[in-house]
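>>> Predicted model and sequence follow; I will ask about them next.
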Amino acid sequence: MRCSVCNESTVVEVRLVVNSHVVVMKSCSICDSRSWTKDGVEMAVTGILEAASKR
Ligand SMILES: [Zn+2]
């Protein structure tokens, strides 16, 4: 997988399950750009944290 910012194939994917939602963080080790998806939908990290703090 390639980074959409610097086009290097240095993207690390971290998969988590938050309240039974699949959350994936993709992080580039070159330019440090990060993107988050929840259930396959891209979203801001604040939305992820909100979902994680809901009970
Ligand atoms: Zn990058």
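Right, received. Where do you want to start? All of these numbers come straight from a predicted model, not from anything done at the bench.

>>> and S27, how far is that from K54?
According to CB to CB, to the nearest Å, S27 stands 24 Å off from K54. Quick note: C-beta positions are derived from backbone N, CA and C, even for glycine.

>>> Mind checking which of those two has more residues around it?
Set side by side, S27 and K54 show more neighbours around S27, with 16 against 8, by other CB atoms under 10 Å.

>>> what kind of secondary structure is that one in?
Following DSSP: H, G, I helix; E, B strand; the rest coil, the label given to S27 is strand.

>>> Who is it paired with across the strands?
Beta-bridge pairing for S27 (DSSP bridges): V12, R34.

>>> Roughly how far does it sit from T10?
9 Å.

>>> Between the two, which contacts overlap?
Counting by CB atoms under 8 Å, 6 or more residues apart in numbering, no residue touches both S27 and T10.

>>> nearest residue to S35 other than its sequence neighbours?
Of all residues beyond its chain neighbours, the one nearest S35 is K26 (5.0 Å), with distances taken as CB to CB, 6 or more residues apart in numbering.

>>> list the contacts for that neighbour?
When contacts are counted by CB under 8 Å, 6+ apart, K26 is found next to 1, 11-14, 34-37.
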